[in-house]
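In: only the shape, not the letters, is given here:
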């Protein structure tokens with residue numbers, strides 16, 4: 001006969017909340033979150049210095065358009081190499097299954113929270129800007 005462990009309802013109600021508070025949240029743990037430099041979309045201006053990301057890490061980045069021109073940011077290969085948790089625009093949270101590009105018709109800011117997944121080299125670019133308006137990204 002196997003011994004059984006019987007826990008009272010009172011013990012469970014006091015132990016479980018304490019266990020939940022101490023338990024790590026995995027990929028969403030605060031220790032696994034990193035903020036990336038803001039991407040600023042402006043007519044003819046570079047997008048920023050290259051990023052080196054680590055697979056399995058949660059990142060947040062703000063993308064801001066200054067309104068100087070209608071600008072898109074495209075990078076389908078990169079967007080398929082990450083898992084997008086949410087996109088926030090003016091307090092509205094969007095949880096997409098995928099993304100190909102975003103476009104700003106006027107000035108504004110959006111925030112994207114994502115987990116880097118697939119190692120490789122990727123590029124975000126503005127289709128209008130040529131090579132000067134690219135952001136090189138490496139996921140290790």
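Out: Done, it's in. Computed from a predicted structure; not experimentally measured.
In: what's the first helix or strand after the helix or strand bottoming out on mean pLDDT in the chain?
Out: In the chain, no helix or strand scores lower on mean pLDDT, DSSP states H and E than helix 9-22, which sits at a mean of 46. Using DSSP states H and E, the helix or strand that follows helix 9-22 towards the C-terminus is strand 33-35.
In: tell me the strands beside that following strand, with direction?
Out: Counting by DSSP bridges, the strands paired with strand 33-35 are strand 58-65 (parallel).
In: now the strand it pairs with: buried residues?
Out: Within strand 58-65, the residues that qualify as buried are 58, 59, 61, 63, 64, 65, counting by 16 or more other Cβ atoms under 10 Å. Where you see a C-beta, it was placed from the backbone N, CA and C, and this is true even at glycine.
In: before we move on, what about stretch 84-91?
Out: Of the residues in stretch 84-91, 84, 85, 87 count as buried by neighbour count, 16+ other Cβ under 10 Å.
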